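Student: structural data only, the sequence is not supplied:
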């Protein structure tokens, strides 16, 4: 059962463009949504996160837009740079206190100079 | 700076053999996790632990055991390795901030190939 879905599987954009990565979920108990960035040969690292009480979270060039009613969120990367080329994972955590994430399958982003 | 180290970083194992993947954290975190990464599946939770000498099953525990002998160390054990267990394995520890939520700190991964 895929509780967290990401699209597209892969995305290629030109340097300076805005990359949009999508995520949707099924479980209404999810209330915390972190995005992790993973470079080849490395472990994932937290990039940015949002709680379900907010509809937007911004950190520099990275912005999460959250729609609770539709159970969808998206990560926007403005002014994309070649160094942003990585795999991005959307994750979700429920407010059940067991501190377990559910990860999406990831979106592989390539930024061309 | 959070630090999670895994060993070995790479291993080739024979089908039916025993494999132990080790993880050590210096973050003083209570929670530790073992994830498996396969292309197209993202990260899937195998086992986790929130205190020494106790482990919990994750979403895909079959074929795996875990051991948490101390707060710092968490091992993943494959008693009888199978071809389907070829994957990259990640260990993580976590700290929960009451404002920002649960943040995972991952190791660099252990690539396991079963032949």
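Tutor: Looks like it arrived, so ask away. All figures in this text were calculated on a predicted structure; none of them were measured in a lab.
Student: skipping its backbone neighbours, what lies nearest the residue in chain B positioned nearest to chain A in space?
Tutor: Nearest residue of chain B to chain A: residue B:106, at 3.1 Å (CB to the nearest CB). Where you see a C-beta, it was placed from the backbone N, CA and C, and this is true even at glycine. Nearest residue to residue B:106 in three dimensions, chain neighbours excluded: residue A:43, at 3.1 Å (CB to CB, 6 or more residues apart in numbering or on different chains).
Student: that neighbour touches residue B:104, doesn't it?
Tutor: No - between residue A:43 and residue B:104 there is no contact under CB atoms under 8 Å: 9.1 Å.
Student: shaky segments in the chain?
Tutor: The chain I'm using is chain A. A:1-2, A:97-99 (pLDDT under 70).
Student: try again with chain B
Tutor: Using pLDDT under 70, the flagged stretches of chain B are B:1-2, B:97-100.
Student: spell out which residues of it are next to chain A.
Tutor: Listed as neighbours of chain A in chain B under the rule CB under 8 Å from any CB of the partner chain: B:4, B:31, B:35, B:40-45, B:48, B:50, B:58-59, B:90, B:92, B:94, B:96, B:100-109.
Student: so which bits of chain A are right by chain B?
Tutor: Residues of chain A that fall close to chain B, judged by CB under 8 Å from any CB: A:6, A:9, A:32, A:34, A:36, A:41-46, A:49, A:51, A:89, A:93, A:99-106.
Student: and the buried ones among the residues you listed, selectable in PyMOL?
Tutor: Buried members of the residues of chain A next to chain B, defined by 16 or more other CB atoms under 10 Å in any protein chain shown, are picked up in PyMOL with:
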select buried, chain A and resi 6+32+34+36+43+44+46+49+89+93+99+100+101+102+103+104+105+106
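Student: just the strands in chain A please.
Tutor: Under the criterion DSSP state E, chain A carries strands at the ranges A:4-7, A:10-14, A:19-25, A:30-38, A:45-51, A:56-59, A:62-67, A:72-77, A:86-94, A:101-103, A:107-112.
Student: just put these in CSV and tack on distance to residue B:16.
Tutor: Below are the strands of chain A laid out as CSV (distance: least, CB to CB, whole Å):
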stretch, distance to residue B:16
strand A:4-7, 34
strand A:10-14, 36
strand A:19-25, 39
strand A:30-38, 32
strand A:45-51, 36
strand A:56-59, 48
strand A:62-67, 46
strand A:72-77, 43
strand A:86-94, 32
strand A:101-103, 30
strand A:107-112, 34
